[in-house]
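In: Mind folding the following:
(2 chains)
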Amino acid sequence: MSLSAHEITWTAQGRPIVDGITVEIPPGGLTGLLGPNGSGKSTLLRLLAGLMRPRGGTVLLDGHDLNGLPRRGVARRLAVVAQEVNTDVEMTVLDVVLLGRIPHRGRTAASGAQDLSLARQALRQCGMAELEHRRWSTLSGGERQRVNIARALAQEPSELLLDEPTNHLDIVHQLALLDMLAATPVTVVTALHDLNLAAQYCDHLLLLHEGRLVAGGSPGEVLTEQWLERVYRVRAEVTTSATGRPCLRFLGPLDRPHRAVR
Amino acid sequence: MTARTVTATRRLSTILAIVVGILLLAMSITAASVVGAAGLSPAAVLRTVAVHAGLPVEPLPALDDGIVWELRLPRVLLAVLVGGGLSVCGAVLQALTRNPLADPYLLGISSGASTGAVAVLVLGIGTGAMALSTGAFAGSLLAFGCVLAVIGRGTGGSIRVVLTGVVVSQLFSALTSLIVIWAGDAQSTRGVTFWLLGSLASSNWASVGLCAAAGAAGVLICWLASPSLDAFAFGREAAASLGITPARTEITLFATTALTTAVLVAASGAIGFVGLITPHAVRALTGGRHRVLLPACALCGGLFLLVADTVARAAFAPREIPVGVLTALIGVPAFAVIMWRRKDMPA
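Out: Residues are numbered from 1 along each chain as shown, chains lettered A, B, ... in the order given. You can find the predicted model right below:
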């Protein structure tokens, strides 16, 4: 089980969005994808998921070109949680999670007992078991996010790719989600905004800057004061917590705008 | 309840729903065949069907037999087939484009059919009812061909498809108007108007056979694609991440719905409203899963058009109003009731 990218590029209107990234995702671990807005995190995730074909380079799943593999087979092992998904179709929470069973089901089969029990298990993992009969349109943003993650888990993936999954979540649900992602044997790649959460939970971090992979390694190696200044343009104080992980305290923007004279 | 008993109950209720649906349909078809100027009993209708099925039953007098077998039954069956087929096509196109305003005529089918039919009526290309249907079918295919040509390789998302459909429809509407104004007289203009509003008056066993074959094939292909349609709920990319190839699904189902609709429109004219509203009404009752939604649409759409057409030919007898007018007159209040009962339906 392996997922890797080799010199992949993506351009939009002539502008490079992902610019020659080569990366090997550590199997079974929790890999955090970091970088400021517009650094190419979402695009890289889409390329790794095979939702877009790279303009150059290849993504390999177990050594095979991802874009050459049948989509159904890919969907049985690689699940994606995109940002801000929504639908106008009237569906219950359970219906949405059962969508994750489509690639596993016979092409014309109805969802069976096994699909149902896997969907319920995924809902339990996301703390949504009580809400299975609620309609999607009545859910809050955070609840929708968790249902969407349960849908991805119901796909029984060996690789799980998430784009900012902690958005819209209360802190307790953010921590619960990251606990779950860290504990699962699934290979997880997740884009994250909150650097302290990334430092606390991730086994491995990838730092993107203007479409390039500028740093990769353990949280201690990537979340340094130098990298934060160069990539995020902020001054920060990095200490090491009792667990040996970096702990960040932000001091202010690097290029402080001129203040009005008092 | 364990998961296994839940699926067992679900299977039982599916079988029950199918049985009830077929019974309801058979009863409605019989009842609708009774309605009309010549007073005939339900028993007479059943007896006629039995005679033509080759059962050893005493046949009706030739005149009554002719009324039931040659006039009413084809018309009633055509109403069911057209209503059911259009509703399923509408539901599929709404799911594919994620556009609640999509209807079976989205891809230029109805305006193409109008142009074809008008060309036959006004310019006198060919004669008789078959020529009209053939002209309408050819026009639909031409319009759908134009839509495909403009969209080009890969469908590239729903906005492109919807816009292209609108643009091509405008082109063919303009062609229709041009032909009517250039070559039409008052008589043919009236004929054109009647055809454009849709009517089941010219039904015969040949059109019933064609629509049954096209409708069954179309509905079956769409139904087999139910999981793919479900997967489109959250958009193309979400469908792709669930193992669907969006472009292939779109092309297959666009072509299927276009061809099915073209056959139905050629037989009945462009009957509006059924294909747009039935899917919304049924979705409010059954939920969004297409495995259930599509057969339910076929049943409800068929029943709805059957009722509408029966009223259209009986309510103002001997004058007949185009069924397309009546679908809206009956459909709007029916839809309003469903909306009231489901106030929290998403916008």
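
In: Near chain A, which residues of the stretch 51-200 of chain B are found?
Out: With CB under 8 Å from any CB of the partner chain as the criterion, the stretch 51-200 of chain B meets chain A at residues B:95, B:98, B:100. Quick note: C-beta positions are derived from backbone N, CA and C, even for glycine.

In: Include pLDDT when you put the residues you listed into CSV, please.
Out: Shown next, in CSV, are those (pLDDT from 0 to 100):
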residue, pLDDT
B:Ala95, 92
B:Arg98, 85
B:Pro100, 82
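
In: hey, which helix is longest across chain B?
Out: Counting by DSSP state H, the longest helix found in chain B is helix B:3-34.

In: Can you tell me which helices and strands the next helix or strand after it packs against?
Out: As assigned by DSSP states H and E, the chain's next helix or strand after helix B:3-34 is helix B:42-52. Under the contact criterion of 3 or more CB pairs under 8 Å, 6 or more residues apart in numbering or on different chains; DSSP states H and E, helix B:42-52 touches helix B:3-34, helix B:62-66, helix B:73-97.

In: so what's the backbone phi/psi at the residue of the stretch 1-150 of chain A found nearest chain B?
Out: In the stretch 1-150 of chain A, the residue that lies nearest chain B is A:Ala75 (3.1 Å; CB to the nearest CB). With angles defined as degrees, to the nearest 10, A:Ala75 sits at phi -70, psi -20.

In: give me the element the nearest residue to it once chain neighbours are set aside is part of.
Out: Spatial nearest neighbour of A:Ala75, excluding adjacent residues (CB to CB, 6 or more residues apart in numbering or on different chains): B:Gly243 at 3.1 Å. Of the helices and strands defined by DSSP H and E, none includes B:Gly243.

In: is it true that B:Gly243 touches A:Gly100?
Out: No: counting by CB atoms under 8 Å, B:Gly243 does not reach A:Gly100; the two are 10.3 Å apart.

In: These two: who's more crowded?
Out: Set side by side, B:Gly243 and A:Gly100 show more neighbours around A:Gly100, with 26 against 21, by other CB atoms under 10 Å in any protein chain shown.

In: Just list the residues touching the more buried one, thanks.
Out: A:79, A:119, A:122, A:150-155, B:242 (CB atoms under 8 Å, 6 or more residues apart in numbering or on different chains).

In: how about the nearest residue to it, chain neighbours excluded?
Out: Distances taken as CB to CB, 6+ apart place A:Ala154 nearest to A:Gly100, at 3.3 Å, with adjacent residues excluded.

In: quick one: the one you found from chain B, how far?
Out: Distance of A:Ala154 to chain B, given as CB to the nearest CB, to the nearest Å: 11 Å.

In: So, low pLDDT: which residues of chain A?
Out: A:256-262 (pLDDT under 70).

In: Am I right that A:Leu48 sits in a helix?
Out: Yes: counting by DSSP: H, G, I helix; E, B strand; the rest coil, one finds A:Leu48 located in a helix.

In: Surely it and A:Leu162 touch.
Out: No: between A:Leu48 and A:Leu162 there is no contact under CB under 8 Å: 11.2 Å.

In: which residues are common contacts for the two?
Out: A:Val189.

In: what about burial for the residues of the stretch 51-200 of chain B next to chain A, which qualify?
Out: Buried residues within those, counting neighbours by 16 or more other CB atoms under 10 Å in any protein chain shown: B:95, B:98.

In: Quick one: neighbours of B:Trp205, just the number.
Out: 13.

In: Hmm, it is touching B:Arg75, no?
Out: No: counting by CB under 8 Å, B:Trp205 sits too far from B:Arg75 to count as a contact (10.7 Å).

In: shared neighbours of the two, anything?
Out: Counting by CB under 8 Å, 6+ apart, nothing touches both B:Trp205 and B:Arg75.

In: Now do the strands in the stretch 101-250 of chain A.
Out: Counting by DSSP state E, counting those that start in this stretch, the stretch 101-250 of chain A has strands at residues A:159-163, A:187-191, A:204-209, A:212-217, A:234-240, A:246-253.

In: Repeat that for chain B.
Out: For chain B, strands defined by DSSP state E do not occur.

In: Flag the shaky bits of it, pLDDT-wise.
Out: For chain B, residues meeting the criterion pLDDT under 70 lie at B:1-7, B:126-129, B:153-157, B:184, B:338, B:341-347.

In: in it, what residue is nearest chain A?
Out: Nearest to chain A, among the residues of chain B, is B:Gly243, at 3.1 Å (CB to the nearest CB).

In: Which positions in chain A make contact with chain B?
Out: Going by CB under 8 Å from any CB, the residues of chain A near chain B are A:46, A:49, A:51, A:71-76, A:79-80, A:82, A:85-92, A:95-96, A:99-100, A:102-103, A:105, A:107-108, A:110, A:112-114, A:116-117, A:120, A:137-138, A:155.

In: Give me the buried subset of those.
Out: Among those, the ones that count as buried by 16+ other CB under 10 Å are A:46, A:49, A:51, A:71, A:74-76, A:79-80, A:82, A:85, A:87-92, A:95-96, A:99-100, A:102-103, A:110, A:116, A:120, A:137, A:155.

In: From B:Val122, how far out is B:Ile179?
Out: 5 Å (CB to CB, to the nearest Å).

In: Oh, that last question was meant for A:Leu78, not what I typed.
Out: For A:Leu78 relative to B:Val122 (CB to CB), the value is 58 Å.

In: For B:Arg75, see how far away B:Gly198 is.
Out: With CB to CB as the criterion, B:Gly198 and B:Arg75 are 13 Å apart.

In: Could you do B:Val20 as well?
Out: Looking at B:Val20 against B:Arg75, where the rule is CB to CB, the gap reads 25 Å.

In: Settle it for me: which of the two has more neighbours?
Out: More neighbours surround B:Arg75 than the other of B:Val20 and B:Arg75, with 23 against 11 (other CB under 10 Å).

In: nearest spatial neighbour of the residue positioned nearest the centre of chain B, skipping sequence neighbours?
Out: Geometric centre of chain B, nearest residue: B:Leu86, 2.2 Å, by CA atoms, centre = their mean. Spatial nearest neighbour of B:Leu86, chain neighbours left out: B:Gly275 (3.7 Å); criterion: CB to CB, 6+ apart.

In: hang on, the earlier thing: go through the helices and strands packed on helix B:42-52 and pick out the most buried.
Out: With neighbours defined as mean count of other CB atoms under 10 Å in any protein chain shown, these peak in mean count at helix B:73-97, which reaches a mean of 28.

In: Was I right to think A:Thr11 contacts A:Ile17?
Out: Yes: contact criterion CB under 8 Å: A:Thr11 and A:Ile17 qualify, at 6.4 Å.

In: Of those two, which one has the most company?
Out: Counted by other CB under 10 Å, A:Thr11 and A:Ile17 do not tie: A:Ile17 has more neighbours, with 19 against 15.
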